[in-house]
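Enquirer: Mind folding the following:
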Amino acid sequence: MNKHDICCIGHITLDKVVTPKLTVEMPGGTAFYFAQGISRLDTTGFQLVTALGESEMPVVEAIRKKGIDVKVLPSAHSVYFENRYGENQNSRTQRVLAKADPFTIDGLQDVEAHIFHLGSLLADDFSIDVIRYLANKGLLSVDAQGYLREVRNQNVYAVDWPEKKEALQYIHILKTNEYEMEVLTGCSEPHEAALKLASWGVKEVLLTQGDMGSLIYADGKFHEIPAYPPKEVVDATGCGDTYMTGYLYLRNQGASYKEAGCFAAAMCTIKLETSGPFNGTEADIWNIVRKRNHHAKPHKLPIKEKELSAL
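Expert: Coordinates of the predicted model:
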């Protein structure tokens, strides 16, 4: 059975994005933004696993045409999100107009990868059993956002994750934003929040803070990652997913935490400047990084399996 370097698992959604400048309907979700972003870098060794309704299958075919290996699991419906932004692109309000079926162990039996990234959108997308199962097959990377979303009358509310202490033991890499970290830990200070998440078992803690940059805590050290100002903020939807795309792409190649974080941040800058997913190139990303960090250079050393298991 073919073992991929990175496998992203998550729902492709139908998103209605409302900003002060425009209103558009487009595909979305971690699965979509991750696959589209990595297709602009290097699709070798990447697999996408998604579950959606028949109406969104044309989106899957378009992704496959970009060279992405996509496994589709059946679902009665696709997730339908409404993301509404004000002038401050760091905050948004959401509604969920439809839900897709959750992912199951049975559906993931033939999925093999060194790194699994779970793009949770809603709390029941991935059960604790699925987390345990995948953690036994490879390194587990999780975006916490979905576990902290409760849908009531189509509106999305921030809630705590009841099973967090059990689940975080199995999660190697965890990404949260500044709001999610406070819900999870009760800490409003990023360094304190990172230390608490690490004490619960997370090996690489990634805290994104919008235009304030991001913070990585791993191997007992903090790494401050700058935010690279965009020429213009057009659409922030998918920025967190784009960050994880860049970060895992570089970490899989053996890059340091700092280097991977800077690459991820620069990738987000390019994504912010247009509506929809990241549409730049790897050269574009490194150009932004070099302008701020003149010492940074692309890291092209492929990571060995034994090294990956020890990350």
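Enquirer: In this protein, which helix is the longest?
Expert: What stands out as the longest helix in the chain, according to DSSP state H, is helix 257-272.
Enquirer: Residues contacting the helix or strand just after it, please?
Expert: The element immediately downstream of helix 257-272 (helix or strand, assigned by DSSP states H and E) is helix 282-292. Applying CB atoms under 8 Å, 6 or more residues apart in numbering, the external contacts of helix 282-292 come out as 40-42, 226, 228, 246, 262-263, 266-267, 269-270, 296-298. Using the backbone N, CA and C atoms, a C-beta is placed for each residue, glycine as well.
Enquirer: can we see that at 6 Å?
Expert: Residues outside helix 282-292 that contact it (CB atoms under 6 Å, 6 or more residues apart in numbering): Leu41, Tyr228, Cys262, Phe263, Ala266, Met267, Thr269, Ile270, Ala296, Pro298.
Enquirer: ok, now stretch 220-236?
Expert: Applying CB under 6 Å, 6+ apart, the external contacts of stretch 220-236 come out as 89, 211, 213-214, 216, 257-258, 261-262, 265-266, 269, 272-275, 288.
Enquirer: can I get the CA coordinates of it in PDB?
Expert: This file holds the C-alpha atoms of stretch 220-236, laid out as PDB (Å, rounded to 0.1, in the frame of the first residue of the first chain):
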ATOM      1  CA  GLY A 220      11.200  23.400  25.200                       C
ATOM      2  CA  LYS A 221      11.700  26.600  23.200                       C
ATOM      3  CA  PHE A 222       9.600  29.400  21.900                       C
ATOM      4  CA  HIS A 223       9.900  30.700  18.300                       C
ATOM      5  CA  GLU A 224       8.400  34.100  17.400                       C
ATOM      6  CA  ILE A 225       7.200  34.200  13.800                       C
ATOM      7  CA  PRO A 226       6.500  37.600  12.300                       C
ATOM      8  CA  ALA A 227       3.500  38.500  10.200                       C
ATOM      9  CA  TYR A 228       4.400  39.900   6.800                       C
ATOM     10  CA  PRO A 229       2.100  42.800   5.900                       C
ATOM     11  CA  PRO A 230       0.100  42.200   2.700                       C
ATOM     12  CA  LYS A 231      -0.200  44.900   0.100                       C
ATOM     13  CA  GLU A 232      -4.000  44.700   0.600                       C
ATOM     14  CA  VAL A 233      -6.200  42.500   2.700                       C
ATOM     15  CA  VAL A 234      -8.900  41.100   0.400                       C
ATOM     16  CA  ASP A 235     -10.000  37.800   2.000                       C
ATOM     17  CA  ALA A 236      -8.800  36.100   5.200                       C
END
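Enquirer: Only the buried residues of it, if you could.
Expert: Buried residues in stretch 220-236, counted by 16 or more other CB atoms under 10 Å: His223, Ile225, Ala227, Tyr228, Pro230, Val233, Val234, Asp235, Ala236.
Enquirer: Quick check: the two most widely separated of these?
Expert: Among these, the pair separated by the greatest distance (CB to CB) is His223 and Val234, at 28.2 Å.
Enquirer: So which elements touch the helix or strand containing Val72?
Expert: Using DSSP H and E, Val72 falls within strand 69-74. For strand 69-74, the packing partners by 3 or more CB pairs under 6 Å, 6 or more residues apart in numbering; DSSP states H and E come out as strand 46-52, helix 57-64.
Enquirer: and among those, the most buried is which?
Expert: Comparing the helices and strands packed on strand 69-74 by mean neighbour count (mean count of other CB atoms under 10 Å), strand 46-52 ranks first with a mean of 26.
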